[in-house]
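Participant: A structural model of the following input is requested.
(one chain, ligands or ions: 1)
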Amino acid sequence: MAPSSKSSLSSDSSRRYNPTISSESSGISTPVMKGPRSISPFKALIVGAGVGGLMMGLCLERAGIEYVILERMPQLQLPRTTIQLSANTLRCIEQLGLLDEVMAIAKPVSMVRLRKHNMAVVGKIDATYVKERYDSTRLQLNARYGHYSSIVQRTEFLQILISRIPAQKIQWGRYVLDIVNGNAGVQCRCANGTIEQGDILVGADGAYSAVRQNLYKHMQEKNLLPKSDMKPLKHTLNAIIGLTNPLDLEKYPSVGARFSEVDIVVGKESPYTLWLSPTSGNRVAWSVGGDLLTPEGSTNANFKQSEFGPEAIDAACALVEDLETPWGGTLADLIGHTRRDFITKVMVEEKHYKTWHYGRTVLIGEACHKFVPYSGQGAEQAILDVICLVNLLYRICDNPSHHEFCKVFEAYYVQRGPIARNAVSVSSSMSHLMNAQGLSADLKRKILFNLPEWIKLGSVDKIQVRPLLDYLPPTEDRGAKKSVKVPTSPI
Ligand SMILES: Cc1cc2nc3c(=O)[nH]c(=O)nc-3n(C[C@H](O)[C@H](O)[C@H](O)COP(=O)(O)OP(=O)(O)OC[C@H]3O[C@@H](n4cnc5c(N)ncnc54)[C@H](O)[C@@H]3O)c2cc1C
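Facilitator: Below you'll find the predicted structure:
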């Protein structure tokens, strides 16, 4: 496929192609340019306008690389869920000039508290890490890592990304059915009969990725797919999640506080785990997972496959409405303040795929690593994938060959694969522990939530990477605890 013509970016031309040495996040010490490329070296097709796909689009936009995003939904969805962003991604979000807008819709988390079914506190994890010093002039800054871990409504975050991407580059209502992954280019066929062509294809279409399924089918026919990638996602339990309307602060005073204190309540007789996360706008994101949610007489498989229409939502709510909350009432109070269409079913599934790319197709986000929903890792890891992949793509030569794309994708996998695999495994162990019943699980949770401060800090220090886009002016790393270097692979 022929390289694309001049980029349509309107950025200042004096900032284009300014050769310099830069490689803070990639660790590759070859000369690279700064600012958007003056001629786009290729065109990327991005499938999916979720966190991964939109971030990919925005980062390519700033890199001067041509792209189009194909999204199956006719428009942005309702704000039903939240995502978590930490210093690892907020530093790059700041570099993209979005920090103030994102912090305006975010609620920083100061504490995660574990409670028994009767609300007795078992232990707490301090999530601010600011005991040493505190910047009162810029409250959004965290002294240890530079930024607080924050809860953000997913749709509001997506809206910010969309506002920075030219409208014609996001094509809504284009449901990708098939892909052709050839030596000279890629093609996507959509449900409405249209076909889109590009030089590379980025599958950012989530846990049930059509891109991945198409790619794997093709690889399986050629006997190239590892056995573990043929297995479906591992379904561990059922959950429902909801996002309340703004709550009355007289009744729920802590919900209006500047910091969010997240409560996790673990059931005793009835097997459930309830999560309550105050978010911006005086709302609470609530979620219940566990066997309690499997209605009598129905099997897990039935629940899993059933449509989650209004009646099913009412039935599921009836199963959990009597659970106590730390605010003195029951979950029925919060359900009463939640629009039915703001309640949704979540598959608590997990998997790390071994195959992230083949030919001119590459996967990012939940298409190649699915996290359990409460881990706070789904959006984070998707954004980290994007930063790594775009940094590598930015440095590709002007007329890249098929082989060069393959090398970039392999370098991306070598850098990101082990980190994502580890994150899936840690999240999975945490999720199992939070949902397990019995004395042994109670004891392990108690130990975890009462670990000495230095052990808790050490485990967070270890995962500080805070990467940047190589081609944009860097933002200061304000964290007193510097980020760790990620091993890189030269292309
Ligand atoms: C509705 C929804 C609710 C979520 N709720 C939570 C939550 O409560 N907690 C949590 O931790 N994580 C949640 N997640 C997942 C979390 O948002 C993701 O982990 C994170 O955003 C990174 O995902 P992603 O960009 O890889 O994929 P996603 O955010 O899943 O985005 C994938 C996008 O691809 C689109 N798409 C899928 N198939 C096709 C196709 N064939 N053609 C075109 N477009 C396609 C989808 O419509 C979607 O917009 C949710 C995801 C969604 C979609």
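Participant: Write out the residues of the stretch 201-350 of the chain neighbouring the ligand.
Facilitator: With C-beta under 6 Å from any ligand atom as the criterion, the stretch 201-350 of the chain meets the ligand at residues 204-206, 210, 241, 346. Quick note: C-beta positions are derived from backbone N, CA and C, even for glycine.
Participant: Now secondary structure too, for the residues you listed, in a markdown table please.
Facilitator: What follows is these, written out as a markdown table (DSSP: H, G, I helix; E, B strand; the rest coil):
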| residue | secondary structure |
| --- | --- |
| Ala204 | coil |
| Asp205 | coil |
| Gly206 | coil |
| Ala210 | helix |
| Ile241 | strand |
| Val346 | strand |
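Participant: among these, who's most crowded?
Facilitator: Counting neighbours by other C-beta atoms under 10 Å, Ala204 leads these with 32 neighbours.
Participant: Just give the nearest non-adjacent residue to it, would you?
Facilitator: Sequence neighbours aside, Gly53 is the residue nearest to Ala204 in space, at 3.5 Å (criterion: C-beta to C-beta, 6 or more residues apart in numbering).
Participant: so what's that neighbour up against?
Facilitator: 46-47, 69, 71, 202, 204-205, 364-365 (C-beta atoms under 8 Å, 6 or more residues apart in numbering).
Participant: before we move on, back to that, of all pairs in the residues of the stretch 201-350 of the chain next to the ligand, which one is the farthest apart?
Facilitator: Farthest apart among those by C-beta to C-beta are Ala210 and Ile241. That separation is 24.1 Å.
Participant: coming back round to it: quick check: the residue nearest to Ala204 is in a strand.
Facilitator: No: using three-state DSSP, the secondary structure at Gly53 is helix, not a strand.
Participant: Gln381 and Ala367, how far apart?
Facilitator: Between Gln381 and Ala367 the computed distance is 11 Å (C-beta to C-beta, to the nearest Å).
Participant: between these two, which one's more packed in?
Facilitator: More crowded of Gln381 and Ala367, by other C-beta under 10 Å: Ala367, with 30 against 27.
Participant: Apart from its chain neighbours, what residue comes closest to the residue nearest the centre of the chain?
Facilitator: Central residue of the chain (C-alpha atoms, centre = their mean): Ala379, 0.9 Å from the mean position. The shortest distance from Ala379 to any non-neighbouring residue, by C-beta to C-beta, 6+ apart, is to Ile83 (3.8 Å).
Participant: where exactly do the helices run in the stretch 301-450 of the chain?
Facilitator: 310-320, 331-336, 378-394, 402-435, 439-448 (DSSP state H, counting those that start in this stretch).
Participant: Give me the local confidence score for Phe371.
Facilitator: Phe371 is assigned 84 on the pLDDT scale.
Participant: where's it relative to Gly242, distance?
Facilitator: Taking C-beta to C-beta, one finds Phe371 at 20 Å from Gly242.
Participant: More neighbours: these two, which one.
Facilitator: Phe371 (28 against 24).
Participant: Test my guess that the more buried one contacts Gly378.
Facilitator: Yes: the pair Phe371 / Gly378 is scored as a contact, 4.7 Å apart, by C-beta atoms under 8 Å.
Participant: Nearest to the ligand: which residue in the stretch 1-150 of the chain?
Facilitator: Closest approach between the stretch 1-150 of the chain and the ligand, counting by C-beta to the nearest ligand atom: Gly50, at 2.0 Å.
Participant: Verify the contact between that residue and Ile383 for me.
Facilitator: No: the criterion here is C-beta under 8 Å, and Gly50 misses it with Ile383 at 11.0 Å.
Participant: can you count the residues close to Lys169?
Facilitator: Using other C-beta under 10 Å, Lys169 has 16 neighbouring residues.
Participant: tell me the contacts of it?
Facilitator: The contact partners of Lys169, taken as C-beta under 8 Å, 6+ apart, are 57, 61, 67-69.
Participant: let's see 7 Å
Facilitator: 57, 67-69 (C-beta atoms under 7 Å, 6 or more residues apart in numbering).
Participant: do Asp341 as well
Facilitator: Counting by C-beta under 7 Å, 6+ apart, Asp341 has contacts Leu78.
Participant: still on that earlier bit, Serialize the residues of the stretch 201-350 of the chain next to the ligand to TSV and add fields for pLDDT.
Facilitator: Output for those, formatted as TSV (pLDDT from 0 to 100):
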residue	pLDDT
Ala204	98
Asp205	97
Gly206	94
Ala210	97
Ile241	90
Val346	74
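Participant: Now do the contacts for the closest residue in space to Pro373 that isn't next to it in sequence.
Facilitator: Nearest residue to Pro373, sequence neighbours excluded (C-beta to C-beta, 6+ apart): Val346, at 4.9 Å. The contact partners of Val346, by C-beta under 7 Å, 6+ apart, come to 239, 241, 373.
Participant: cool, Lys268 as well?
Facilitator: Going by C-beta under 7 Å, 6+ apart, Lys268 touches 116-117.
Participant: go on, Ala49?
Facilitator: So Ala49 contacts 69, 71, 170 (C-beta under 7 Å, 6+ apart).
Participant: surely the second one meets Gly50?
Facilitator: Put plainly, it is Glu71. No: using C-beta atoms under 7 Å, Glu71 is not in contact with Gly50; the gap is 8.4 Å.
Participant: Which of the two has more residues huddled nearby?
Facilitator: It is Gly50, of Glu71 and Gly50, that has more neighbours when counted by other C-beta under 10 Å, with 26 against 23.
Participant: Surely the more buried one is in contact with Gly203?
Facilitator: No: Gly50 is not in contact with Gly203 according to C-beta under 7 Å; the separation is 11.3 Å.
Participant: hang on, the earlier thing: which among the contacts of Val346 gets closest to the ligand?
Facilitator: For these, the nearest to the ligand is Pro373 (3.9 Å; C-beta to the nearest ligand atom).
Participant: Can you get me a residue count around the closest one?
Facilitator: Neighbour count of Pro373, defined by other C-beta under 10 Å: 23.
Participant: That one reaches Glu349, doesn't it?
Facilitator: No: look at Pro373 against Glu349 with C-beta under 7 Å: they stay out of range, at 8.8 Å.
Participant: pLDDT weak spots in this structure?
Facilitator: 1-33, 129-141, 236, 292-309, 486-491 (pLDDT under 70).
Participant: per-domain residue ranges of it.
Facilitator: 13-78+154-232+351-425, 84-92+102-152+234-349 (automatic domain parsing).
Participant: Okay then, goodbye and thanks.
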